[in-house]
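> Below are the sequence and a predicted model for it; my questions follow.
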Amino acid sequence: MTLLAMAAALSLGDIYLQSLVPTSGAGIDAVLDGKIDTGWKPEGTPIGEGITFRFEEPVDVKSVEVQGCAGSETAELDLVFDGFRREVTLKDGKGKTSPSFKWRTLFLKVESGSGCIAEVNFTGLAGNVKPPRTVHGKVSVSSVLTPADAYHPGYMFDGRLDFGWVEGSKGTGEGEWLTITLDAPATVSALEIWNGYQRSPDHFQKNCRPKKVTLSIDGGEGIALELADRDGPQKLPLPKAVKGSAFKLTIDEVVKGSKYTDMVISEVRFHDEQGPLEIDTDDVKERAAALKTEVSGKPLEALVGARMTSVCPEGQLTVKLRSNHTFAFYEDTTRGSVSINEVVDGAWIVKSDKAIELFGRRQKISVDDRPYGSGTRETVQITGGPVNVTRVKDLGKDAYAKLLEKWKKGPAKRHVGCAGASFDAAGDAVVLEGVALTGLVTVR
């Protein structure tokens, strides 16, 4: 390396991501550590799993280069830049793509292979891309809406804007509070909040969100702050930088939701003299461990982390329940000349040995290409509710026959219209039945 090249390399600063979030699995920071002998691997079936990289501002990169782990020489990936998809094939463990536009968020999705990613490199930027800066701590709150696994305060620090803390008081959230206690003191110059429920515009409008709050540090005098009634991040500078360990935020006034009385905060982070500072808590890991214990030895255990797809090809349904309480399912249908693609995601909990409950959003894209058709329409709305989860062989032949008879009379008929849906052929398949999710699936 020439002296000029060395000087240029040393002048490059670090570019810290706003968020680096895997759908599942641990060790995500390893994909940006410059080492090919470390990496990230999703939990359970890798297909459909992935990583979200979100920058603070749109970036113009020359290329995105992906290095698979040893033994992952061949794989198919989808790299989705702000909704625009590029297919990337790993050959000899390497692949890359060059987006020709600025973008802010990349979702790297595994389509085939082991799913193990050693490194992701962004070329053409004036610095090295790094995971968000973090400080370890814990959070306590005045209340949590039941069920806590869907609304836990740890969701305010997970880097995902579609999850958040929902308080559980009888009112609209005024007087509720959260306290962040850091392992070591930090000097904080600003508070940044993603206000309200940012899972979708529907969620945001229907739930309460803070308007006026008070921040006190280590029990000191309160600092009054005010939030705008909008989604996206809001940086709230403090009158002066304050060093402390315990940061208590009290909700003084809220904007009422159009339907629900629950108050929601999606994300919170600090700023210090170096910039944004994310709070790292153990909540998500602890709740994932608790869920695995809860389903251990029960029928649901085999489904957590597994990729479930329709028994019948016409069903076009794929379902994933993850141990971190997130879920996603994808369904493609055709009604006459209209093709419909649906993605439903959010949080899930265990209700019983044979039932779960979903709390999420439904994103539907309908395409009608007839000369005078409606074209492309996209909708996002709140969805969820209980879903019964039962293996076919546990239902028994008679009960399953009644279920088939009922399903064949409605929209669910596409899930049971093949030879593989017979009782003898589908014994190990799983019946999913609920308002938000219905289908006959098997673990692939």
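The structure has been received and is ready for your questions.

> dump the residue contacts of the spatially closest residue to Val144 that is not a sequence neighbour.
Distance criterion Cβ to Cβ, 6 or more residues apart in numbering; nearest residue to Val144, sequence neighbours excluded, is Gly168 at 5.1 Å. No exception for glycine: its C-beta is placed from N, CA and C like everyone else's. Counting by Cβ atoms under 8 Å, 6 or more residues apart in numbering, Gly168 touches 143-146, 151, 262.

> Filter those residues down to the ones in helices?
Under the assignment DSSP state H, the contacts of Gly168 contribute Tyr151 to helices.

> tell me which of the contacts of Gly168 is nearest to Lys109?
For the contacts of Gly168, the minimum distance to Lys109 (Cβ to Cβ) is 27.0 Å, reached by Tyr151.

> how close does the nearest residue to Asp353 once chain neighbours are set aside get to Asp428?
Nearest residue to Asp353 in three dimensions, chain neighbours excluded: Lys298, at 5.1 Å (Cβ to Cβ, 6+ apart). Distance of Lys298 to Asp428, given as Cβ to Cβ, to the nearest Å: 16 Å.

> ditto for Lys406
Counting by Cβ to Cβ - Lys406 and Asp428 are separated by 21 Å.

> Ok, Lys41 next?
26 Å.

> Compare these two and say which is more crowded by neighbours.
More crowded of Lys41 and Asp428, by other Cβ atoms under 10 Å: Lys41, with 20 against 11.

> need the contact list for the more buried one.
Counted by Cβ under 8 Å, 6+ apart, Lys41 has contacts 25, 27, 69, 114-117.

> dump the residue contacts of Ser169.
Neighbouring residues of Ser169 by Cβ under 8 Å, 6+ apart: 142-143, 175-176.

> Would you mark the buried spots in the lengthiest strand in the chain?
The strand that spans the most residues within the chain, counting by DSSP state E, is strand 233-255. Neighbour counts over strand 233-255 (16 or more other Cβ atoms under 10 Å) mark 233, 238, 242, 244, 246-252, 254-255 as buried.

> try stretch 37-47
Judged by neighbour count using 16+ other Cβ under 10 Å, the buried positions of stretch 37-47 are 39-47.

> would TSV of the residues you listed with secondary structure, pLDDT and distance to Pro201 be doable?
Formatted as TSV, these follow (DSSP: H, G, I helix; E, B strand; the rest coil; pLDDT from 0 to 100; distance: Cβ to Cβ, whole Å):
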residue	secondary structure	pLDDT	distance to Pro201
Gly39	coil	95	36
Trp40	strand	97	32
Lys41	coil	95	35
Pro42	coil	96	29
Glu43	coil	95	31
Gly44	coil	94	31
Thr45	coil	94	32
Pro46	coil	95	32
Ile47	coil	94	30
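
> between these, which is closest to Tyr16?
Taking Cβ to Cβ as the measure, Tyr16 sits nearest to Trp40 out of those, at 18.1 Å.

> ok, what's across the strand from that closest one?
Beta-bridge pairing for Trp40 (DSSP bridges): Ile117.

> correct me, but it touches Val21?
No. Under the criterion of Cβ atoms under 8 Å, Trp40 is not in contact with Val21, lying 11.1 Å apart.

> overlap in contacts of those two?
28, 51.

> residue boundaries of the strands in the stretch 101-250 of the chain?
Taking DSSP state E, counting those that start in this stretch as the criterion, the stretch 101-250 of the chain contains strands spanning 103-110, 117-123, 127-130, 134-141, 165-166, 177-195, 209-217, 223-226, 233-255.

> what's the single longest helix in the protein?
The longest helix of the chain (DSSP H) is helix 283-295.

> Each with direction, which strands does the following helix or strand past that helix pair with?
Sequence-wise, the next helix or strand downstream of helix 283-295 (DSSP states H and E) is strand 307-310. Strand 307-310 has the following sheet partners, assigned by DSSP bridges: strand 317-321 (antiparallel), strand 438-443 (antiparallel).

> Would you mind listing which of the contacts of Ser169 are buried?
Among the contacts of Ser169, those that count as buried by neighbour count (16+ other Cβ under 10 Å) are 142-143, 176.

> and which of those is nearest Leu125?
Among the buried ones among the contacts of Ser169, and counting by Cβ to Cβ, the member closest to Leu125 is Glu176, at 40.9 Å.

> Give the full set of residues in contact with that closest one.
Residues near Glu176 by Cβ under 8 Å, 6+ apart: 141-143, 167, 169, 250-251, 263.

> One more: Leu178?
139-142, 153, 156, 165, 248-249, 265, 268.

> Mind doing that once more with 6 Å?
Leu178 is in contact with 141, 249, counting by Cβ atoms under 6 Å, 6 or more residues apart in numbering.

> who's it bridged to?
When bridges are taken as DSSP bridges, the partners of Leu178 come out as Val141, Leu249.

> if we look at stretch 287-298, which residues are touching it?
301, 304, 323-324, 350, 353.

> Using neighbour counts, pick out the buried residues of that stretch.
287-288, 291, 295.

> quick one, domains of this protein?
Listed by automatic domain parsing, the domain ranges of the chain are 3-130, 134-281, 289-443.

> how far is the first one from where the chain is centred?
Okay, so that is domain 3-130. 17 Å (Cα atoms, centre = their mean, to the nearest Å).

> can you check the longest one too?
Relative to the centre of its chain, domain 289-443 is centred 19 Å away, using Cα atoms, centre = their mean.

> can you list the weak-confidence ranges in the stretch 1-150 of the chain?
In the predicted model, the stretch 1-150 of the chain carries pLDDT under 70 at residues 1-12.

> cool, and the stretch 251-400 of the chain?
The stretch 251-400 of the chain contains residues with pLDDT under 70 at 335-336, 370-374.
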